[in-house]
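1. coordinates only, sequence not included:
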């Protein structure tokens, strides 16, 4: 595997992890005790419902 392919693979993997983390954050709420501040409006595009 040459360096360019390795960098592309790493970038795609990180993008996928970030998108999954955003989706998880958009679809869940924090525990009441810890208080969740308002979510940014741009985060709503990652909601699944």
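-> Happy to help now that I have it. Note that the structure is a prediction, hence the values are computed from the model and not measured.
2. check contacts around the residue most central in space within the chain.
-> Centroid check for the chain by C-alpha atoms, centre = their mean gives residue 22 as the closest residue, at 2.5 Å. By C-beta atoms under 8 Å, 6 or more residues apart in numbering, the contact set of residue 22 is 43, 46. Any C-beta I mention is one placed from the backbone N, CA and C, and that applies to glycine too.
3. Could you check how far it is from residue 5?
-> Separation of residue 22 from residue 5 (C-beta to C-beta, to the nearest Å) stands at 26 Å.
4. Can you tell me how far the residue nearest to the centre of the chain is from residue 39?
-> Applying C-beta to C-beta, the value for residue 22 to residue 39 is 10 Å.
5. pLDDT of stretch 23-30, averaged?
-> The average pLDDT for stretch 23-30 rounds to 73.
6. Now that stretch: buried residues?
-> Buried residues in stretch 23-30, counted by 16 or more other C-beta atoms under 10 Å: residue 26.
7. if we can go back for a sec, what about the residue nearest to the centre of the chain, which SS state?
-> Following DSSP: H, G, I helix; E, B strand; the rest coil, the label given to residue 22 is helix.
8. remind me which residues of this protein are low pLDDT?
-> For the chain, applying pLDDT under 70 flags the ranges 30-36, 49.
9. Please repeat the previous calculation with a cut-off of 50.
-> Of all residues in the chain, none has pLDDT under 50.
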